[in-house]
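> heads up, no residue letters with this:
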Ligand code: AMP
């Protein structure tokens, strides 16, 4: 999972890129980078580093990155792919043109394309999709970037959102299903492209609209032009519901759905269908907060901060070993004894993947004196891996793939366990039918091609 940003301005953009990706830090804490086209030098200047945005860049060095158009990226780690070489943007040149690219998504045929290109003599330095995309783009770029992007889109399958520098043009692309979010914003004469509206809004811009599935946007000479990937192929929107379940910030409005409202609705839906009498509602911070508010409002139960979160710990989900994952949960969340001792609590969290977080939390809440813990999950059981960019593990490691709800309850150690249904989740999403729910129902809009 990543966050991407593109800024086209009549002023130097380095600070905006920096602040913009800072606001999307939750989308990736492994590494970050910026690339800027310097019109005077006719070259792309860039910097990419492992680590958090605030650590990787010093604010006063940003003035050295000259240029009015740029792209930026934050990246989350996935096991085995956290080498510094995978850090984006990727920068290259081809037929005397400068190209640079950032991507958020996951191709279902990246290995196939990589092998095909390798047979033709291409060499790769990373295992990133973006490098594959950049090679294909460069190969078909003969002076018309829109044509090159269209041909590239014929080859690449699955999910992608791209921001590309092609000399003095900024290009934005969203795959034909719109799996991953991408928004277009404006601030005076400036155009902004971002994975989440927070980046546009904190820069003082205004969101104009979502980039459409299959849309190619080119901004050049201060003018924006929009193209369709194909005039005959009709894209079917399948944007990721998991963005609203967990990934995006509460203030995100992606594809006409606000994450906070959705989360509130999910909590309220669970409360409406409740048959347990409890003393209070406790969110698992931070992602459980909005749903716990929705639950408390609907049920009339008191909302309690029963778990204290260590603010200095990021998203700890992807640790290589089970032991490290368990320690990570303990460091991150600690029970607040006066709020839970002797109480029967409704604990609200967004999802169960491996079950590590929930199991660990129930144990510590019980040890801290909670009488009963009734776990309520605001997404359906995650039974299928995501092929489109959410880092869920293989099917074997997904608890719900091999356990019934009762078996999960027993494993986790809570008194009762309930998930929102797929129908409930769709109702909470205002009945919109434009979401990919494949991690819950196995209904994959694009077939996985790679083994
Ligand atoms: P697990 O401990 O494996 O059951 O993971 C579930 C917890 O991790 C939930 O509380 C979520 O808040 C969080 N989570 C779920 N999916 C992801 C993901 N793809 N990346 C990072 N964190 C996640």
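Yep, that arrived. Remember, it's a predicted structure, so these values are computed and weren't measured experimentally.

> and the longest helix along the chain, is it in reach of the ligand?
In the chain, taking DSSP state H as the definition, the longest helix is helix 259-272. No - in terms of Cβ under 6 Å from any ligand atom, no part of helix 259-272 sits within range of the ligand; the closest distance is 11.7 Å. Backbone N, C-alpha and C define where each C-beta goes, glycine included.

> quick one: residue 450 and residue 112 touch, right?
Yes - between residue 450 and residue 112 there is a contact at 5.8 Å, judged by Cβ atoms under 8 Å.

> burial check on residue 58, number of neighbours?
9 (other Cβ atoms under 10 Å).

> can you show me the strands along the stretch 51-200 of the chain?
69-75, 90-94, 97-107, 158-166, 169-174, 183-187, 190-194 (DSSP state E, counting those that start in this stretch).

> likewise the stretch 301-450 of the chain?
Under DSSP E, counting those that start in this stretch, the stretch 301-450 of the chain gives strands at 302-303, 307-309, 333-335, 344-349, 372-377, 416-419, 435-436.

> the ligand: which of these is closest?
Each of the strands of the stretch 301-450 of the chain has some distance to the ligand by Cβ to the nearest ligand atom; the shortest is strand 344-349, at 4.8 Å.

> what does the stretch 101-250 of the chain put close to the ligand?
So far as Cβ under 6 Å from any ligand atom goes, the stretch 101-250 of the chain lies against the ligand at residue 246.

> quick one: contacts for the residue in the stretch 101-250 of the chain positioned nearest to the ligand?
At 5.1 Å from the ligand, residue 246 is the closest residue in the stretch 101-250 of the chain, using Cβ to the nearest ligand atom. Taking Cβ atoms under 8 Å, 6 or more residues apart in numbering as the criterion, residue 246 is in contact with 287, 350-351, 379.

> and those residues near the ligand, which?
Counting by Cβ under 6 Å from any ligand atom, the members of those near the ligand are 287, 350-351.

> what about residue 28, distance to residue 104?
Applying Cβ to Cβ, to the nearest Å, the value for residue 28 to residue 104 is 9 Å.

> between these two, which one's more packed in?
Using other Cβ under 10 Å as the criterion, residue 28 and residue 104 rank with residue 104 on top: 29 against 25.

> is the more buried one in a bridge, and if so with what?
Beta bridges link residue 104 to residue 161, judged by DSSP bridges.

> could you verify my assumption that it touches residue 4?
Yes - counting by Cβ under 8 Å, residue 4 is a contact partner of residue 104 at 4.9 Å.

> okay, and the common contacts of the two?
With Cβ under 8 Å, 6+ apart as the test, residue 104 and residue 4 both reach 73, 161, 195.

> is the helix or strand bottoming out on mean pLDDT in the chain up against the ligand anywhere?
Taking mean pLDDT, DSSP states H and E as the measure, the chain has helix 322-332 as its least confident helix or strand, at a mean of 83. No - Helix 322-332 is not in contact with the ligand by Cβ under 6 Å from any ligand atom; minimum separation 6.8 Å.

> many thanks, have a good one.
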